[in-house]
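J.: Starting from these lines, generate the structure:
(2 chains)
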Amino acid sequence: KAGVTQTPRYLIKTRGQQVTLSCSPISGHRSVSWYQQTPGQGLQFLFEYFSETQRNKGNFPGRFSGRQFSNSRSEMNVSTLELGDSALYLCASSLVNPIYSTSTDTQYFGPGTRLTVL
Amino acid sequence: KNQVEQSPQSLIILEGKNCTLQCNYTVSPFSNLRWYKQDTGRGPVSLTIMTFSENTKSNGRYTATLDADTKQSSLHITASQLSDSASYICVVSRYVGTASKLTFGTGTRLQVTL
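T.: Reported below is the predicted structural model:
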């Protein structure tokens, strides 16, 4: 079974531009989460989608948005890029419906998209 | 404030030796605690997941312990190998209404040398 795939793997943008990242979950997984990872802050949760609906959201500005399609593939968009948005963006998929808060379902991470903002 | 603190920040050990990584948390109400291994340039891979009622869980040479009373967890690596060189991240999940929220530690960077 193929793992979580993310495209592109590397991206260079300039301040003020916008960017769209894509994530394809493991086949059969309907939950997709997005994370930002930086050396200083570590992993930070962006948002989670299940069945095309955002179920959970982290503390990021409105410039960060996402969506999920009927085939569970997900995209995240960052508008008006800032230098501080340079990071590794990770996508993770799981079987669980996030409303079941006691779930210990394993999340499977993709390799990430390395975004550099100049 | 919900926080997860890991120690040490970094660690260098000789191949074959054992080591223990620490995770202290103040997350409440507690749902579960996960340990992830992240190789350089790769996404994290789940090692163990423990709920409140579990105090130890193993995955091969990796053994995680949880003390929910003191809010501490440890990850013990036995007979380390070069391939264990990675960052190890502790993640604690808490209840927020009908959803769960994850709080991440900043990780311990382990280097195993010859």
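J.: use CA for all of it now, contacts and neighbours both
T.: Will do.
J.: give the contact list for the spatially most central residue of chain A.
T.: Note on chain A: the residue nearest the mean C-alpha position is residue A:34, at 2.4 Å, using CA atoms, centre = their mean. Taking CA atoms under 8 Å, 6 or more residues apart in numbering or on different chains, we find residue A:34 in contact with A:45, A:46, A:47, A:48, A:76, A:89, A:90, A:91, A:92.
J.: Output the lowest mean pLDDT helix or strand found in chain A.
T.: For chain A, the helix or strand with the lowest mean confidence is strand A:53-57, at a mean of 87 (criterion: mean pLDDT, DSSP states H and E).
J.: what comes up buried for that one?
T.: Within strand A:53-57, the residues that qualify as buried are A:54, A:55, A:56, counting by 16 or more other CA atoms under 10 Å in any protein chain shown.
J.: same thing with stretch B:81-98?
T.: Residues B:81, B:84-95 are the ones in stretch B:81-98 that count as buried (16+ other CA under 10 Å).
J.: now swap in stretch A:82-99 and tell me
T.: Buried positions in stretch A:82-99, judged by neighbour count with 16+ other CA under 10 Å: A:82, A:85-99.
J.: what distance separates it from the middle of the whole chain?
T.: Centroid separation for stretch A:82-99 versus its chain: 3 Å, with CA atoms, centre = their mean, to the nearest Å.
J.: what do you get for stretch A:65-84?
T.: Distance, centroid of stretch A:65-84 to centroid of chain: 7 Å (CA atoms, centre = their mean).
J.: Between the two ends of that stretch, how far is it?
T.: Its first and final residues considered, stretch A:65-84 spans 16 Å by CA to CA, to the nearest Å.
J.: Check stretch B:56-72 too.
T.: 12 Å.
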